[in-house]
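Colleague: The following block contains a protein sequence and its predicted model.
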Amino acid sequence: MNHYSAIGSDLQIPHRELLEDLFEGAPRPTIIKDEQSRFLFLNSKACEMFGVHLDDLLGLTDHDLLPAAEADRIQEVDAGVLATGEERLFEEDVTGPDGTTRTLLTHKRRSFVPVPGE
């Protein structure tokens, strides 16, 4: 079993199979990012929301998919949750791949996945 999937030269996804086992069946879109806001895992519901396949998003950030101001806002909230550990549950507007804006109920929380050898 391979616990790493290389994305680019500097991005590795620890425990990808475990993430799939835990989150693929989640009833809502689930997105997991690293501390640099790169997408590490999205379940199929999240991929449908963006209109893309998982492998097309791995290693990208919100800036690769959304208008700059929207991506900045999302990454600011992500950074705050990461820094404080404070969970957030709130509504946010997100632009879909077709350019329409949808209001989503978003739940963000900090979790750590141990990386072997670190």
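Modeller: Okay, I see it.

Colleague: Low-confidence regions, the chain specifically.
Modeller: Residue ranges of the chain with pLDDT under 70: 1-14, 113-118.

Colleague: Mind jotting down where the helices sit in it?
Modeller: 16-23, 44-50, 54-57, 68-84 (DSSP state H).

Colleague: TSV for these, including mean neighbour count?
Modeller: C-beta here means a position set from N, CA and C on the backbone, and glycine is covered the same way. Compiled in TSV, the helices of the chain are given as follows (neighbours: other CB atoms under 10 Å):
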stretch	mean neighbour count
helix 16-23	15
helix 44-50	17
helix 54-57	16
helix 68-84	14
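
Colleague: Nearest approach to residue 98 belongs to which of those?
Modeller: helix 44-50 (10.6 Å; CB to CB).

Colleague: Among the helices of the chain, which comes closest to residue 100?
Modeller: Closest among those, using CB to CB: helix 44-50, at 11.6 Å.

Colleague: And the contacts of that closest one?
Modeller: 24, 26-31, 42, 53-54, 57, 65, 96-97 (CB atoms under 8 Å, 6 or more residues apart in numbering).
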